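Novice: coords below, sequence missing:
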């Protein structure tokens, strides 16, 4: 059939054939681009393939794609093909600048066959420099649209003057539509991926929250069970430690460690706060005196704020319980890691339960102290209560009744209180002694087996001296103690009276802070007893009556001067120093003594005079203390 056609129609047929082949190539390129959109997951690879095909199909020197950056409100080159200048790839084009800005503003394709001299768009020195560095003269750009928004511009460019036909513009526009679809799909895919990630995170947080709530409920149930059963504080600390993954100590209102988790859930060796945790536990094991000062401050601050407080050194969390005794007892958790909010609430709720447990313990202790005080009172007062009841209660409280007993009595210069009784009991229990200790008639007392009397007295003296508050009397002088023996339980009132009288005698002798058994004071006890007091007074009057009368009339101190002279071994210089007087003043006083007591310096009289002066001084001190007690 072709042979039948006239020769003049062959060029037209050849042109049609070329157009069909070109169209076929374009359709094939669009098909391959569409296939890339479904096959390739990397949007940058898809865009690079589109730019490459645009350059090939339009036989252009350069192909590139500029993407809009909404944050900076400009366009940047995301994919390029055929470019040789590094400056070209770094071009950023603001809105309304260059041919890119023109395409974006009008949302239709635009081309220029003379970029440098084209005045249809605004030029920029930086952009022109990049374009000219690539030696570009002609450009064709089509907009990439998502709905009605420009998200980029697809370009082909040539290094010579070129006019772009309608078919070429249509082809590039079709490729641009594919690029738009690729970018929009990528955006939607990224949004879907981010949404899925958010959902996963939210689900993970929800699951974690559910686990935390369940764990908190479990620990609350365990702690409530311990509270209801009057559970052990070590077990209480163990439950909290396992849940919070740390080491826990329960401290009372005096900051004494009452319970310790004993290593349950302790800090891991990899934990940077593990050493602090171990040091803190050692401190807790040693009791109140060893608690770190920083923990004490944190505990007080927690009580003030009403919430838990974190301590940096040592690494710990502290929650005050608001202890009934007034001082901020509570929980100490040695853990370097942060606590979640549910964990913080668990710690604080546990501290509230600690407060309840301490309140129960305190009330039980008060009841026990009251019962013990009643028992001690029934044993020591005269007459005693029902013997069978006393024996039963004494045995129940651990008092051995198989042999002789000893009553220890103490006098404090300060007012005894509940802590005094607690210290007295601790002095016995701390060393495993069987017996009773508490307050009776305002004085600390203890009742133990006779064989342990001296040891109990020493322990009681040490414990009460250590419990003396800051500002009390000089070390050791705040506590004066004596003890007396009783053959059996019925002799306890008499033994207590003798021990108490011995304490008063020690104070009268000026021996505050001493610890002496009744037997060591027997000579004084005999002379100052109800029966011997009259004879002693007659003896004193017969020996030094004139001195006493002179001192009373003249308000002098001749009796004190002579007693000091005897106590200083008859040394005038030592006596003057002790009395803080001049030696001449001392001689004048001794001359007056000679005038009132002729022959006082004779050796055979000195013993009687010294004893009389000592008895007179003791009587004066006892009278002064009795008057002071009456005033109280």
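Specialist: Arrived safely. Remember, predicted model here, so these are calculated numbers, not experimental data.

Novice: in the stretch 1-150 of the chain, which spans are strands?
Specialist: 62-69, 74-81, 92-94, 110-112, 138-146, 149-158 (DSSP state E, counting those that start in this stretch).

Novice: How about the backbone phi and psi for residue 318?
Specialist: Dihedral pair for residue 318: phi -130, psi 130, per degrees, to the nearest 10.

Novice: Now do the contacts for the residue nearest to it when sequence neighbours are not counted.
Specialist: In space, residue 318 comes closest to residue 298 once its chain neighbours are excluded; the distance is 4.2 Å by Cβ to Cβ, 6 or more residues apart in numbering. For the C-beta atoms, the positions are set from N, CA and C on the backbone; glycine is no exception. Residue 298 makes contact with 309-311, 316, 318 under the criterion Cβ atoms under 8 Å, 6 or more residues apart in numbering.

Novice: sec struct for residue 298, please.
Specialist: When classified by DSSP: H, G, I helix; E, B strand; the rest coil, residue 298 comes out as helix.

Novice: and if you look at residue 399?
Specialist: Under three-state DSSP, the three-state class of residue 399 is coil.

Novice: Might one say that residue 457 is in contact with residue 481?
Specialist: Yes. Using Cβ atoms under 8 Å, residue 457 makes contact with residue 481 at a distance of 5.4 Å.

Novice: So between those two, which is more surrounded?
Specialist: Just comparing residue 457 and residue 481: by other Cβ atoms under 10 Å the higher neighbour count belongs to residue 481, 27 against 24.

Novice: bridging residues for the more buried one?
Specialist: Beta bridges link residue 481 to residue 410, residue 515, judged by DSSP bridges.

Novice: ok, it - contacts?
Specialist: By Cβ under 8 Å, 6+ apart, the residues touching residue 481 are 408-411, 457, 460-461, 503, 514-516.

Novice: Write a ChimeraX command that selects only the buried members of these.
Specialist: To isolate the buried subset of the contacts of residue 481 in ChimeraX, counting by 16 or more other Cβ atoms under 10 Å, use the following:
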select :408,409,410,411,457,460,461,503,514,515,516
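
Novice: can you redo the contacts of residue 481 as JSON lines with pLDDT?
Specialist: Supplementary listing: these in JSON lines, determined by pLDDT from 0 to 100:
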{"residue": "408", "pLDDT": "92"}
{"residue": "409", "pLDDT": "91"}
{"residue": "410", "pLDDT": "90"}
{"residue": "411", "pLDDT": "87"}
{"residue": "457", "pLDDT": "88"}
{"residue": "460", "pLDDT": "86"}
{"residue": "461", "pLDDT": "87"}
{"residue": "503", "pLDDT": "86"}
{"residue": "514", "pLDDT": "88"}
{"residue": "515", "pLDDT": "89"}
{"residue": "516", "pLDDT": "89"}
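
Novice: can you list the contacts of residue 481 in CSV and add distance to residue 104?
Specialist: Putting those into CSV (distance: Cβ to Cβ, whole Å) gives the following:
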residue, distance to residue 104
408, 102
409, 104
410, 99
411, 101
457, 102
460, 97
461, 98
503, 105
514, 105
515, 103
516, 108
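
Novice: between the contacts of residue 481, which is nearest residue 427?
Specialist: Closest to residue 427 out of those is residue 460 (4.9 Å), distances taken as Cβ to Cβ.

Novice: For the nearest residue to that closest one once chain neighbours are set aside, give me the pLDDT.
Specialist: Nearest residue to residue 460, sequence neighbours excluded (Cβ to Cβ, 6+ apart): residue 427, at 4.9 Å. Listed pLDDT for residue 427 reads 72.

Novice: any low-confidence regions in the stretch 201-350 of the chain?
Specialist: Within the stretch 201-350 of the chain, the stretches with pLDDT under 70 are 253-255, 263-291, 322-328.
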